[in-house]
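> Show me the folded form of this:
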Amino acid sequence: MNPRITKLRKEQQKVRDKIAALQTKDKELDKEIRDLENMDIVGLVRAEGLTLEGFTELMQQLRENPIPQKKGQQEVEAHEQAS
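This next block holds a predicted model:
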């Protein structure tokens, strides 16, 4: 077999291994970010003195009657959702 093919296959495998490691790291970072965001949310709810039932009721009310958003804020959120 052509030695260049062997060399390129080894290099390709190294790249694939790096990609796998980076994907694993990305998933770990996503989880860490989500955990921190969840802790922030819980902190905000507790700071307002809401019970689980009160928070559930508040969320239901917001689903039924969403708070109107400013045009600029809608564009930012649409961009974030597209990402």
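
> how close does R34 get to I41?
For R34, the distance to I41 (Cβ to Cβ, to the nearest Å) stands at 10 Å. For the C-beta atoms, the positions are set from N, CA and C on the backbone; glycine is no exception.

> what stretches of this structure score poorly on pLDDT?
Within the chain, the ranges that satisfy pLDDT under 70 run 72-79, 83.

> at 90 instead, please
Across the chain, residues meeting the criterion (pLDDT under 90) sit at 1, 66-83.

> Let's check: the centremost residue of it is which one?
Central residue of the chain (Cα atoms, centre = their mean): D30, 5.4 Å from the mean position.

> Is it in a helix, a strand, or coil?
Counting by DSSP: H, G, I helix; E, B strand; the rest coil, the backbone at D30 sits in helix.

> Going forward, the N-terminal residue is numbered 25.
Shifting the count to begin at 25 puts that one at D54.

> and the gap between it and E104?
Plainly put, D54 is 15 Å away from E104 if you go by Cβ to Cβ.
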